[in-house]
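> Could you work out the structure for the sequence below:
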Amino acid sequence: MIVNNNHIPFLISWYDDNDTKSYYLSDFYNVESLIINAIKDLTFRKYKNYKVYIHNFAKFDSIFLLKYLNKIGIVDPIINKGKIISVKFTLDKYSIPF
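Purely as a prediction, here's the structure:
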């Protein structure tokens, strides 16, 4: 959504073939806590060796996520022709590829 002429995410959802989890901005203190909580829920043993597919990541959504991912873990992007193709994200001892 647009707030004060800035795009901000208001929802992150994921589905793991069994469960759906949604994170709404209204449930968190700010955008950073929304994103950090959603990502931290994906970085534990249950999801080891999983791949995360993010709709529109190479074109638009990566703008929001990368700055927050970089604050909480290690971000290793693969860029091709100016577009982010993939990102390996590591938090503590768990890595997830986006």
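> Would you pull up how far stretch 38-49 lies from the middle of the chain?
On the basis of CA atoms, centre = their mean, to the nearest Å, stretch 38-49 sits 11 Å off its chain's mean C-alpha point.
> Mind listing what's buried along that stretch?
Buried residues in stretch 38-49, counted by 16 or more other CB atoms under 10 Å: A38, I39, L42, T43. No exception for glycine: its C-beta is placed from N, CA and C like everyone else's.
> Stretch 86-96 now?
Under the neighbour-count criterion of 16+ other CB under 10 Å, stretch 86-96 has V87, F89, L91, Y94, I96 buried.
> related to what we said a few turns ago, rank the buried residues of stretch 38-49 by pLDDT and give me only the lowest.
Within the buried residues of stretch 38-49, pLDDT reaches its minimum at T43, with 73.
> what about that residue, distance to K51?
Distance of T43 to K51, given as CB to CB, to the nearest Å: 13 Å.
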